[in-house]
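Engineer: Any chance you can model this:
(chains A and B)
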Protein chains: 2
Amino acid sequence: MRSTMQDVPLSIGDQVRYGASVHSRARITTWTGGEPRRATLGEVGARAAQLAHALRELGVTGDERVATFQWNNQEHLEGYFAVPAMGAVLHTLNIRLHADQVAYIADHAEDRVVIVDASLVPLFAPILPRLRTVRHVIVTGEGPGDLAADGVSVHSYEALIAGRPETFDWPEVDEREAAAMCYTSGTTGAPKGVAYSHRSIYLHSMQVCMTDSKAVSQGDTALAVVPMFHAMSWGLPFAALMVGASMLLPDRFLQPGPLADMIQAERPTIAAAVPTIWQGLLEELESAPRDVSSLHSVVVGGSACPPALMQRFEERYGVPVLHAWGMTETSPLGSFARPPADASGDERWRYRLSQGRLPASVQGRLIGPDGSRMPHDGSSVGELEVRGPWVTGSYHGSEDPEKFHDGWLRTGDVATLTPDGFLQLTDRAKDVIKSGGEWISSVELENAVMAHPAVAEAAVVAVPDPRWDERPMVAVVLKEGATVEAAELRTFLSERVARWQVPEFWTFVDEVPKTSVGKFDKKSLRSRQSSGDLKVVEVRG
Amino acid sequence: MRSTMQDVPLSIGDQVRYGASVHSRARITTWTGGEPRRATLGEVGARAAQLAHALRELGVTGDERVATFQWNNQEHLEGYFAVPAMGAVLHTLNIRLHADQVAYIADHAEDRVVIVDASLVPLFAPILPRLRTVRHVIVTGEGPGDLAADGVSVHSYEALIAGRPETFDWPEVDEREAAAMCYTSGTTGAPKGVAYSHRSIYLHSMQVCMTDSKAVSQGDTALAVVPMFHAMSWGLPFAALMVGASMLLPDRFLQPGPLADMIQAERPTIAAAVPTIWQGLLEELESAPRDVSSLHSVVVGGSACPPALMQRFEERYGVPVLHAWGMTETSPLGSFARPPADASGDERWRYRLSQGRLPASVQGRLIGPDGSRMPHDGSSVGELEVRGPWVTGSYHGSEDPEKFHDGWLRTGDVATLTPDGFLQLTDRAKDVIKSGGEWISSVELENAVMAHPAVAEAAVVAVPDPRWDERPMVAVVLKEGATVEAAELRTFLSERVARWQVPEFWTFVDEVPKTSVGKFDKKSLRSRQSSGDLKVVEVRG
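Structural biologist: The predicted structure follows:
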């Protein structure tokens, strides 16, 4: 039996129309280092309409891709609104990637137009001639700068939009059509494109505004430190639009000092960033105090937040730091660590330090070493697979069957789930050691080894083993002047982990190789091991 | 370009699976007058699975309708979960309707099964033999009682579900299929069926949990006084399920005394009911105080809440009373009166006393007397039309073109909208006086007349007029012992309303006829006027 409900698509055009009118007074503030640039949401909506008219005139039709190469600022937000609302596809390019990667991604997405911040022109200029599908570049800020390439027109953003109509008849869309794209910056293989739909962004925005998630509301001012090219700034811009929250955008001023200044001056109520940002801010505040009392919640994601950082923020500044977990592929809200209302004391902290609870719209399951479902008992470990209306089910223009499993996304994270839906990551699937049909967490072994007083750092990787398939190998960095034998470390470990998990293979190194974001580079460690580049000692018994 | 997102339908089955597992500890408490009946959401989910198995065995397949004739209690909630989740359609029958209406509605919906509360068997027994499509009746509570009809099997609910499996493989559904039905109890014409979809209920539940709406969250206990047969209890059961909020269900104990007792004993945090319930509770608390401090918000809808009631609740008990507007046709959340964060003092109260702000998913427009769009300027008046994914676009099994306009629902409410999206109802479209191409609000005239010291009550209706189409007629009830002439009332009015709105037609009556819910019965007044049953004086100049 058909329902009698109206068949109204969930569309970003409707959101822009709503936000720019009903919440026209919301404030969009861009930090400049000096006097902030101020606009209302009504003005940003009007300029988004002007931008849409301009893009139409440049020939952008249908689902063509309009890319951005911008900081978090007002113009970037205008593109966020204009491009999907006009039915085209917003593609947020990651300005931190290597030129080769940017060129690959822009080609792969078939970007037609790129909007570039003037301050990023030096970075973008050498990339531009390599882009095969781009026909127009639009430069925001002080003039087009020094950009040129065959067959590409370069425009000034302000000149291009000036004088155009301040409303646009946003077309009705099929809610399952792409609205925005973001490429993963996976450490292995080519970057993969995730294309969010109008539907997924709309539903995700509602979730972000739900009381048990980020609880964004009309009275909030959201400080989006997390880049707008990184999983849609964790959904903040569209969530803010939906409820008329104000936004504070840091532009390129991402250092601890300016962040502390803008929090004191503009009094945001909610902020989102990776842990290193908050670590830097905390140190800044301790050397030069500012008033950060306006914040009622700080959302942290991207990697696990050190407990000491969370506790210090909360105790010293009264600001709760809330853990979230997600990926580009999950829009990104996958879980959010608000403890159950009846939890208290240590139990409350255990929930806070987990990756959080999966909401109703993100289903999770754990697949164990033998491919079977593992129980959600808080201790059984498996690869986390997720399913839901804002979870990706494929990658744009590529076949990756190994990333999906009966329609579920394989997250690549190894985890436990509690009966009440809380997620605890224990390792990455590619790093876990598959030994005798069981999994050994590299992260847990590392933590156990690093608890030894002589050890500065320890990284654990799998090495092939004829009998057990894989066994763990530990790369140890000793503290300055310390000495210790592998045998002693084995004894130390045997009191802390199960007997069968205690590693036989050890190597002592001067430093653990790191990735560009500071994580252990286990891929490099594995290749150094397999090429015989490491001196490995084997200790048994 | 297609998005890469998974195509996961929004379904109640997924919600039930989630709530009953992740939030299994949430409490579902039913008031009994004595010791409350207590269950967990996990237990309710398990019993819903048992009910679904029982209904399958009774032959319920596909989209067949399973009706309920029940109070707000645990068993009703089990039906709420089981019936839509199994792919059938829940039809909540209104136990307050006349037997003729119940019979008409149950036939029209083609109900196959009816679940009846034992205490309502005396009310239901005479209706049952008139139901042409019903094959099974299931009685909750103490035994089947005295029910019989040809071709109908009568079952005990507990006996029927006992021993069945406590899980059910809830089928995947098309999210646009009907999940639940509710008939409007319009005062004119036959009742009309609204069929909510899985999609509409899901989206509406998210909205109810958004911070700017009812903000239902995991720590809440929601007291649903509003009947579960009345617009899905304003969406509370499915919203609570989505976030794992506990519920307090009053069963048949809807009088002020028991309500005050259950609030004190069970400490709900949020409650929803029509104004008369809160008026009664307020009086009860003033004569016999109870602790109602657990409530952090009280939602009022169904009709405008007297300002004095809102102010008294807030000042005396610290409980904010929040206005909401909606209809059966809007699921029902149409607007919610949280003031803008920067409003204060009198401005804040003006927002609070309005019908509230339309959320992003409910679009509103005003259609004026000549059929054109009226501006949203807070003063221009028009019939409110709404559009959105949880707004009805037709009625089940009937053609009602006059209720819709280019896909928008005509609400029948005459209103203003402010630029910031706040709704103020001024009249019903059928009561407004259409005079010379302009509209005169009957409600505003009534309020103006009732401000005269001699007047106890006044009702205004349209009477036909050869020159102006319609003119207002005022029916006045004088206060005990008071006397006043129509001419004096005209003079009084002419200082308060526009000259062209001042009525020429007056009648003095002993009382204004009222509907069963205590509203002015203007239909009756109009028919008494047109049949010459009233002594009408005409005063001009």
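
Engineer: List the neighbours of the longest helix that chain A contains that are in contact with it.
Structural biologist: In chain A, with assignment by DSSP state H, the single longest helix is helix A:41-57. Residues from elsewhere that reach helix A:41-57 (Cβ atoms under 8 Å, 6 or more residues apart in numbering or on different chains): A:16-17, A:19-21, A:23-28, A:39, A:66, A:74, A:77-79, A:81-83, A:85-86, A:88, A:113, A:138, A:157, A:160-162, A:164-168, A:170, A:241, A:244, A:246. For the C-beta atoms, the positions are set from N, CA and C on the backbone; glycine is no exception.

Engineer: Using CSV, write out every CA atom in that helix.
Structural biologist: Provided in CSV are the C-alpha atoms of helix A:41-57 (Å, rounded to 0.1, in the frame of the first residue of the first chain):
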residue,chain,number,x,y,z
LEU,A,41,23.9,33.8,5.9
GLY,A,42,21.4,35.8,3.8
GLU,A,43,24.4,37.5,2.1
VAL,A,44,26.2,34.3,1.5
GLY,A,45,23.0,32.8,0.1
ALA,A,46,22.7,35.8,-2.3
ARG,A,47,26.3,35.5,-3.4
ALA,A,48,25.9,31.7,-3.8
ALA,A,49,23.1,32.5,-6.2
GLN,A,50,25.4,34.9,-8.1
LEU,A,51,28.1,32.3,-8.3
ALA,A,52,25.5,29.8,-9.7
HIS,A,53,24.6,32.2,-12.4
ALA,A,54,28.2,32.8,-13.2
LEU,A,55,28.9,29.1,-13.4
ARG,A,56,26.0,28.6,-15.7
GLU,A,57,27.4,31.3,-17.9
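
Engineer: buried stuff in that helix?
Structural biologist: A:41-55 (16 or more other Cβ atoms under 10 Å in any protein chain shown).

Engineer: Over to stretch A:260-278?
Structural biologist: A:260-263, A:266, A:268-275, A:277-278.

Engineer: And the residue of the stretch 51-200 of chain A found nearest chain B, what's its pLDDT?
Structural biologist: Relative to chain B, the nearest point of the stretch 51-200 of chain A is A:S197 (3.4 Å; Cβ to the nearest Cβ). pLDDT for A:S197: 98.

Engineer: Show me what from the stretch 301-450 of chain A comes close to chain B.
Structural biologist: Residues of the stretch 301-450 of chain A lying near chain B by Cβ under 8 Å from any Cβ of the partner chain: A:338, A:340-342, A:357-358, A:360-361, A:363, A:376, A:387-396, A:407, A:409, A:419-421.

Engineer: Mind checking which of those residues are in strands?
Structural biologist: A:357, A:363, A:387, A:409 (DSSP state E).

Engineer: re earlier: narrow the contacts of helix A:41-57 to those that are buried.
Structural biologist: Here, 16+ other Cβ under 10 Å leaves A:16-17, A:19-21, A:23-24, A:26-28, A:39, A:66, A:74, A:77-79, A:81-83, A:85-86, A:88, A:113, A:138, A:157, A:160-161, A:164, A:166, A:168, A:170, A:241, A:244, A:246 buried among the contacts of helix A:41-57.

Engineer: Assign the spatially closest residue to A:P464 that is not a sequence neighbour to helix, strand or coil.
Structural biologist: If the residues on either side of it in the chain are set aside, A:P464 comes closest to A:E470, at 6.3 Å by Cβ to Cβ, 6 or more residues apart in numbering or on different chains. Put simply, A:E470 is strand when judged by DSSP: H, G, I helix; E, B strand; the rest coil.

Engineer: burial count for A:E470?
Structural biologist: A:E470 has 17 neighbours, counted by other Cβ atoms under 10 Å in any protein chain shown.

Engineer: all strands of the stretch 251-400 of chain A, in order?
Structural biologist: Assigned by DSSP state E, counting those that start in this stretch, the strands in the stretch 251-400 of chain A fall at A:270-273, A:297-300, A:321-325, A:335-336, A:356-357, A:363-367, A:373-374, A:382-387.

Engineer: Could you dump those into TSV with mean pLDDT added?
Structural biologist: Shown next, in TSV, are those (pLDDT from 0 to 100):
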stretch	mean pLDDT
strand A:270-273	97
strand A:297-300	95
strand A:321-325	95
strand A:335-336	98
strand A:356-357	98
strand A:363-367	98
strand A:373-374	97
strand A:382-387	98
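
Engineer: OK, now which residue of the stretch 101-250 of chain A is nearest to chain B?
Structural biologist: Closest point on the stretch 101-250 of chain A to chain B, by Cβ to the nearest Cβ, is A:G219, at 2.7 Å.

Engineer: Quick one: residues contacting that residue.
Structural biologist: A:G219 sits next to A:245, A:269, B:340-342 when contact means Cβ under 8 Å, 6+ apart.

Engineer: Pull out the buried members of these.
Structural biologist: A:245, A:269, B:340-341.

Engineer: Taking those together, which two end up most distant?
Structural biologist: Using Cβ to Cβ, these span at most 14.6 Å, a distance reached by A:T269 and B:P340.

Engineer: neighbours around the residue nearest to A:L259 when sequence neighbours are not counted, how many?
Structural biologist: Spatially, and ignoring its direct neighbours in sequence, A:L259 is nearest to A:L281 (5.6 Å; Cβ to Cβ, 6+ apart). Using other Cβ under 10 Å, A:L281 is surrounded by 25 other residues.

Engineer: So A:L281 sits against A:P256, correct?
Structural biologist: Yes - if you go by Cβ atoms under 8 Å, A:L281 and A:P256 touch, sitting 5.1 Å apart.

Engineer: Share the number of residues neighbouring A:G393, please.
Structural biologist: A:G393 is flanked by 18 other residues according to other Cβ under 10 Å.

Engineer: how near is it to A:T330?
Structural biologist: Applying Cβ to Cβ, to the nearest Å, the value for A:G393 to A:T330 is 11 Å.

Engineer: overlap in contacts of these two?
Structural biologist: What both A:G393 and A:T330 touch, as defined by Cβ under 8 Å, 6+ apart, is the set A:L409.

Engineer: ok, A:L93 touching A:H230?
Structural biologist: No - A:L93 is not in contact with A:H230 according to Cβ under 8 Å; the separation is 11.0 Å.

Engineer: So for A:G412, what's the nearest residue that isn't a sequence neighbour?
Structural biologist: Going by Cβ to Cβ, 6+ apart, A:G412 has A:A429 as its nearest residue, at 4.8 Å.

Engineer: Might you report the residue contacts of the one you found?
Structural biologist: Residues in contact with A:A429, defined by Cβ under 8 Å, 6+ apart, are A:383, A:410, A:412-414.

Engineer: now do A:V386
Structural biologist: A:V386 touches A:330, A:334, A:358, A:362-365, A:408-409, A:411, counting by Cβ under 8 Å, 6+ apart.

Engineer: In those, find the pair that's most separated.
Structural biologist: A:T330 and A:R365 (14.3 Å).

Engineer: The two - which one has more neighbours?
Structural biologist: Taking neighbours as other Cβ under 10 Å, A:T330 and A:R365 compare with A:T330 leading, 22 against 16.

Engineer: Could you measure from that one over to A:K519?
Structural biologist: Separation of A:T330 from A:K519 (Cβ to Cβ): 20 Å.

Engineer: burial of A:D169, as a residue count?
Structural biologist: By other Cβ under 10 Å, 11 other residues sit near A:D169.

Engineer: residues in contact with it?
Structural biologist: Not one residue lies near A:D169 by Cβ under 8 Å, 6+ apart.
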